[in-house]
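Trainee: Here's a sequence, model it:
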Amino acid sequence: MCGYQLSCESTVDLPFSYVDGRGISVLFYTYTVDGVEHPDDMLRDPEALPNFYRILEDKLPTTSQINLYQYMEYFEGLLQKGDVLHIAFGSGMTASVNNAFEAAELLREKYPDRKLTVIDSYCSSSGYGLLVDYAADLRDQGKSMEEVTEWVTAHAKRVHHQFYSTRLDFYRRSGRMSGAAAMIATVLNICPIMRLDDRGAIIAYSKVRGKKAAVAETVRTMEQHAENGKDYDGKCFLCHANCLEDAEITRRAVLANFPKLKEVRICDIGTIIASHCGPGTVAVFFLGDERLPDKK
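Mentor: The predicted structure is shown next:
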């Protein structure tokens, strides 16, 4: 027994069966459609994600922060069992982490004999999941809560999030792109190329014509930033928003260019992230150099 509990939020975009099997506690986000709240299911119900993508064809879900009370209730349940290390969804995506910090501060007064540490992951989706997965490896190796905290804090901004989108209709519908710009980009077969910066915010920094070029740019960028370049042999996760074929094409390209990689784990982008990116997004996550700030 390691003597502390590792915890995260459902936006790690890994299957709940995998996260739970690793002994990691989860706090679930929700999304709302037509006034009805739904949990971020993490594939517990095999029909939940397909149903969600059908909803996206004509409706725009809304998401909200995890509030202070929810964190208080969740953390208190864990603290009654032992010390807690919670790795939170990145602040570049949501301000929820501020509620987590406040809840932790309040509960430390109530449980002075327990340790409760909250870390801002500066990560999103399966990149967040990759960071949590590394933390679970260290815990399983017998590392202390303090040692895992130190490693996660030092490496959070070294988890690269490299992604592209093959569908821009959702960006138009959600107001993230004008109708004219989306139409022109669609006609020209343009794919925006995006990443997370050092704050964990999305940066659209380039665009290419066609899926083949998007995959090539993703691999080229990974070669530039991954630990040891093409000799990278660390964890590599890949996730997709209802476009498994594109994800498989991207995985084959990554494996072909990084011969020391034993596996590229493919995951589904969950309902919370997909509520904002829509279908057609493919993302690759890996450890590398420190993520760069936005150039603006």
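Trainee: pretty sure residue 283 contacts residue 160?
Mentor: No - using CB atoms under 8 Å, residue 283 is not in contact with residue 160; the gap is 9.9 Å. From N, CA and C alone the C-beta is placed, and that goes for glycine too.
Trainee: where do the contact lists of the two overlap?
Mentor: By the contact definition CB atoms under 8 Å, 6 or more residues apart in numbering, residue 283 and residue 160 are jointly contacted by residue 127.
Trainee: of those two, who's got more company?
Mentor: The neighbour comparison of residue 283 against residue 160 (other CB atoms under 10 Å) goes to residue 283, with 30 against 27.
Trainee: What confidence value was assigned to the more buried one?
Mentor: Per-residue confidence (pLDDT) for residue 283: 97.
Trainee: quick one: it is in a helix?
Mentor: No - read with DSSP: H, G, I helix; E, B strand; the rest coil, residue 283 is strand and lies in no helix.
Trainee: How about it: which residues does it bridge to?
Mentor: Per DSSP bridges, residues listed as beta-bridge partners of residue 283: residue 163, residue 239.
Trainee: List the contacts of it.
Mentor: 125-127, 161-163, 238-240, 269.
Trainee: Surely residue 97 and residue 118 touch.
Mentor: Yes - the criterion here is CB under 8 Å, and residue 97 meets it with residue 118 at 7.2 Å.
Trainee: shared neighbours of the two, anything?
Mentor: residue 88.
Trainee: quick one: which of the two has more around it?
Mentor: Between residue 97 and residue 118, residue 97 has the larger neighbour count (other CB under 10 Å), namely 26 against 22.
Trainee: show me what contacts the more buried one?
Mentor: 88-91, 118, 120.
Trainee: Just among those residues, which is most surrounded?
Mentor: Per-residue neighbour counts (other CB under 10 Å) across the contacts of residue 97 peak at residue 89, which has 29 neighbours.
Trainee: how close does that residue get to residue 127?
Mentor: Applying CB to CB, to the nearest Å, the value for residue 89 to residue 127 is 11 Å.
Trainee: what residues do these two have in common as contacts?
Mentor: In contact with both residue 89 and residue 127: no residue, using CB under 8 Å, 6+ apart.
Trainee: Strands along the stretch 51-200 of the chain, start to end?
Mentor: Along the stretch 51-200 of the chain, counting by DSSP state E, counting those that start in this stretch, strands occupy 62-63, 83-88, 116-120, 159-165, 190-196.
Trainee: Show me what the first one packs onto, helices and strands only.
Mentor: Contacts defined by 3 or more CB pairs under 8 Å, 6 or more residues apart in numbering; DSSP states H and E place strand 62-63 against strand 30-33, helix 271-277.
Trainee: Just say which of the ones you listed is most tucked in.
Mentor: Comparing these by mean neighbour count (mean count of other CB atoms under 10 Å), helix 271-277 comes out on top with a mean of 24.
Trainee: Can you dump the C-alpha atoms of that one in CSV for me?
Mentor: The C-alpha atoms that make up helix 271-277 are tabulated as CSV, following Å, rounded to 0.1, in the frame of the first residue of the first chain:
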residue,chain,number,x,y,z
THR,A,271,-18.1,14.4,-23.9
ILE,A,272,-16.7,17.5,-22.1
ILE,A,273,-13.9,18.1,-24.5
ALA,A,274,-16.0,17.1,-27.6
SER,A,275,-18.6,19.6,-26.5
HIS,A,276,-16.1,22.3,-27.5
CYS,A,277,-14.0,20.7,-30.3
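Trainee: Run through who's touching that helix.
Mentor: So helix 271-277 is contacted by 10-11, 13, 29, 31, 38, 40-41, 48-49, 52-53, 56, 60-63, 124-125, 165, 170, 174, 241-242, 269, 281 (CB under 8 Å, 6+ apart).
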